[in-house]
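Participant: When you get a sec, could you give me coordinates for this:
(2 chains)
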Protein chains: 2
Amino acid sequence: MAPTFFNNRLTQLLHIEYPIIQAGMIWASGWKLASAVSRAGGLGILGAGSMYPDVLREQIRKCKAATDRPFGVNLPLLYPDIEKHIEIIIENRVPVVITSAGSPKTWTSILKEKGIRVIHVVSSSAFAQKAVAAGCDAVVAEGYEAGGHNGREETTTMVLIPQVVQAVSIPVIAAGGIATGQQMLAALALGASGVQIGTRFLASDESSAHPDFKKKVIEAKEGDTHLRMHKLVPVRLLQNEFYRRVEEAEARGACADELKEILGRARAKKGMFEGDLDEGELEIGQVSSLLDDILPAETIVRNLLHDYQHALEALTANR
Amino acid sequence: MAPTFFNNRLTQLLHIEYPIIQAGMIWASGWKLASAVSRAGGLGILGAGSMYPDVLREQIRKCKAATDRPFGVNLPLLYPDIEKHIEIIIENRVPVVITSAGSPKTWTSILKEKGIRVIHVVSSSAFAQKAVAAGCDAVVAEGYEAGGHNGREETTTMVLIPQVVQAVSIPVIAAGGIATGQQMLAALALGASGVQIGTRFLASDESSAHPDFKKKVIEAKEGDTHLRMHKLVPVRLLQNEFYRRVEEAEARGACADELKEILGRARAKKGMFEGDLDEGELEIGQVSSLLDDILPAETIVRNLLHDYQHALEALTANR
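Facilitator: Purely as a prediction, here's the structure:
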């Protein structure tokens, strides 16, 4: 089997070998994971959503020391310290920023003036068009099956990608439900220029998620994750004690305030970083049901490419 | 562009030219649609779920008169007149039966003894394994984005297909979110042997859905369909007055009995067949947002093949 070779708008835009972008998941995406993915030819991403400014600065420096390939930072735009984060990103010449959870209007042009590539995460073609208007270089279109926060339209990757590809002319990166080379091939068949992969990279040696959480992720079965807290911000969670409390409250029609109280503070850290599997908030994608091993990030990238190639050859032979 | 040629386990099993199966949607899938799809090289399906036994008999006869190619009947196994339906199917030598909504145990072997191919619709790999145990020849694996009744696991097509393909060795037909050749290619990339297409064929000249419903389907936008009635049987509906009443009741925690009362009787017929767009139950897939025209079934099949081929060539060139 010949080695897979990509040369498309996305690999050119980001100066990467393979159109594989690691999602900047909170509590899981530090410099070890990001640099490992970038060294393997993808784009590693630091998850700034769970980092204080000083931590982000240190993580960027460590990432740069570990690889001279491009990497990025995921930046939730609603983050309270956003200005400091932006400053640190610019100061340290981070090549790519993926923004989410907020309007791309305010910061995109400021980052772009500094030569930084800006990609915005969207859940609909309307939001994708707003990202284009704000000057973004690409969008991540994230389907209903994705872990963590999610769009209200509940559009799945299979429907969302063609919809967004039709709506905008910048490169579209597919996210949600992608952990294998077959799924990567499916995403590209739908018109995406690349994929963003979260869950599969969370269950890697290098991710900073708690080992017990990684173990729970690879043990997950079909139907073990669901979207919850619709009256706050919908979020895909793995079932546990905390989940069941939310589910029970929602079934009897609990209001947003009650949900907020049940959620409390710092539950994501408690679950995903500290390993409290009962009381923590465990954000993970539906595709966790397909995983059964924790692997080095480099092996994950290699497997993706191998299975992509294999599946493409099978498709071609099927003609 | 060379004409697309398929020769796989599914086309061999069903003696069809293309692995394109039309979903047997209630109130939309009479002999006109089924025979048009079969004549175009796919597998047309009569939707017995909305037919009295006498109607089914007549529809089978008309379908046979309109095409000598294979076709099938979709049979919800919870249907009260199921025994009469089975009798009529056997008497009239229907070549393929797709069963859904119930256990495949009781009827599969009886149908298979008569030389009928039996395919069961599933929403998880556990149900797929039960279909194998019952002797089914293939399964339709239907993702969360599909219209109408839906699984409780909420697994999307992107995740469900690899999961089911891994779990069983009989052919897997992907359903949910498939209306274009690109989506068909994505489904085959995921390991499916073929696709079942509902929404796209509902919006066809030959479907027996009410013209006003067809029009509403092609006008649907992203986020216009959602899964509702989780406490009864989850069903994907297009938003209208009736939908909003259900939504409001669910938001305040309404119980199954209240939902049953709101639903009442014959709402699906009222909406999809009689064209009451406010008070009817409008079952349709998420992919309706991608459609903008009502086409002859033959054109739909031709477009699927054309776009499949085109997308496959683009994928191959991308290497």
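
Participant: which residues touch the closest residue to residue A:167 other than its chain neighbours?
Facilitator: Sequence neighbours aside, residue A:125 is the residue nearest to residue A:167 in space, at 3.5 Å (criterion: Cβ to Cβ, 6 or more residues apart in numbering or on different chains). To be clear about C-beta, it is placed using only N, CA and C from the backbone, and glycine gets the same treatment. Counting by Cβ atoms under 8 Å, 6 or more residues apart in numbering or on different chains, residue A:125 touches A:163, A:164, A:166, A:167, A:168, B:222.

Participant: so what's the closest residue to the first one other than its chain neighbours scoring on pLDDT?
Facilitator: Here the nearest residue to residue A:163 in space, its sequence neighbours aside, is residue A:125; by Cβ to Cβ, 6+ apart that works out to 4.9 Å. The predicted local distance difference test score for residue A:125 is 98.

Participant: Okay, now the unreliable bits of chain A?
Facilitator: For chain A, the stretches with pLDDT under 70 are A:1-3, A:318-319.

Participant: Output the longest helix belonging to it.
Facilitator: Across chain A, the longest stretch assigned as helix under DSSP state H is helix A:297-317.

Participant: same for that one, what does it pack against?
Facilitator: strand A:20-22, helix A:31-39, helix A:181-189, helix A:199-202, helix B:181-189, helix B:297-317 (3 or more Cβ pairs under 8 Å, 6 or more residues apart in numbering or on different chains; DSSP states H and E).

Participant: Which parts of chain A are helices?
Facilitator: With DSSP H as the criterion, chain A has helices at A:9-14, A:31-39, A:53-66, A:82-91, A:105-113, A:125-133, A:157-167, A:181-189, A:199-202, A:211-219, A:241-251, A:256-263, A:267-268, A:297-317.

Participant: Mind listing residues that contact the third one?
Facilitator: If you take Cβ under 8 Å, 6+ apart as the criterion, helix A:53-66 is touched by A:30-32, A:34-35, A:38-39, A:44, A:46, A:48, A:51, A:71, A:73, A:81, A:84-85, A:88-89, A:92, A:94.

Participant: what does the last one give?
Facilitator: Contacts with helix A:297-317, where a contact means Cβ under 8 Å, 6+ apart, come from A:1-4, A:18, A:20, A:22, A:33, A:36-37, A:39-42, A:44, A:180-182, A:184-185, A:197, A:200-201, A:204-206, A:295, B:185, B:188-189, B:191, B:312, B:315-316, B:319.

Participant: switch the cut-off to 6 Å
Facilitator: Helix A:297-317 has contacts (Cβ atoms under 6 Å, 6 or more residues apart in numbering or on different chains) with A:1, A:4, A:36-37, A:40, A:42, A:180-182, A:184-185, A:200, A:204, A:206, B:189.

Participant: And for residue A:274, the neighbour number?
Facilitator: 16 (other Cβ atoms under 10 Å in any protein chain shown).

Participant: Could you pull up the contacting residues of residue A:196?
Facilitator: Applying Cβ under 6 Å, 6+ apart to residue A:196 gives the contacts A:21, A:23, A:140, A:173, A:175.

Participant: That one pairs with what?
Facilitator: On the basis of DSSP bridges, residue A:196 is bridged to residue A:21, residue A:175.

Participant: How much space separates it from residue A:15?
Facilitator: Separation of residue A:196 from residue A:15 (Cβ to Cβ, to the nearest Å): 17 Å.

Participant: quick one: buried residues of stretch A:74-88?
Facilitator: Neighbour-count burial for stretch A:74-88 flags A:74, A:75, A:76, A:77, A:79, A:82, A:85, A:86, A:88 (criterion: 16 or more other Cβ atoms under 10 Å in any protein chain shown).

Participant: from these, which is closest to residue A:229?
Facilitator: Set against residue A:229, the nearest of the buried residues of stretch A:74-88 by Cβ to Cβ is residue A:76 (16.5 Å).

Participant: beta partners of the closest one?
Facilitator: Under the criterion used (DSSP bridges), residue A:76 bridges to residue A:100.

Participant: Need the buried ones from the contacts of helix A:53-66 selected in ChimeraX.
Facilitator: Entered in ChimeraX, the line below selects the buried ones among these, by 16+ other Cβ under 10 Å:
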select /A:30,31,32,34,35,38,39,44,46,48,51,71,73,85,88,89,94
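
Participant: picking that back up, the longest helix of chain A vs helix B:181-189, what angle?
Facilitator: Here helix A:297-317 runs at an angle of 110 degrees relative to helix B:181-189 (axes from the mean of the first three to the mean of the last three Cα atoms, to 10 degrees).

Participant: quick one: buried residues of helix A:297-317?
Facilitator: For helix A:297-317, burial by neighbour count (16+ other Cβ under 10 Å) applies to A:297-298, A:300-302, A:304-305, A:307-309, A:311-312, A:315.

Participant: From chain B, how far out is the nearest residue to residue A:228 once chain neighbours are set aside?
Facilitator: Leaving aside its sequence neighbours, residue A:228 sits nearest to residue A:246 (Cβ to Cβ, 6+ apart; 5.0 Å). Distance, residue A:246 to chain B, using Cβ to the nearest Cβ, to the nearest Å: 13 Å.

Participant: how many neighbours does residue A:246 have?
Facilitator: Using other Cβ under 10 Å: residue A:246 sits among 21 other residues.

Participant: What are the structural domain limits within chain A?
Facilitator: A:9-208+A:290-312, A:218-287 (automatic domain parsing).

Participant: how long is the first one from one end to the other?
Facilitator: As for domain A:9-208+A:290-312, its first-to-last residue distance stands at 20 Å under the measure Cα to Cα, to the nearest Å.

Participant: chain center to that domain, what's the gap?
Facilitator: Between the centre of domain A:9-208+A:290-312 and the centre of its chain there are 5 Å (Cα atoms, centre = their mean, to the nearest Å).

Participant: Then the shortest one?
Facilitator: The offset between the C-alpha centroid of domain A:218-287 and the centroid of the whole chain comes to 18 Å, using Cα atoms, centre = their mean.

Participant: What about residue A:145, how many residues nearby?
Facilitator: 32.

Participant: Over to the one 4 residues further on?
Facilitator: Look at residue A:149: counted by other Cβ under 10 Å, it has 20 neighbours.

Participant: is it true that it touches residue A:235?
Facilitator: Yes. Contact status for residue A:149 versus residue A:235: in contact at 5.2 Å, counting by Cβ atoms under 6 Å.

Participant: Counting neighbours, what do you get for the closest residue to residue A:90 other than its chain neighbours?
Facilitator: Closest residue in space to residue A:90, ignoring its immediate chain neighbours: residue A:114 at 5.1 Å, by Cβ to Cβ, 6+ apart. By other Cβ under 10 Å, the residues close to residue A:114 number 13.
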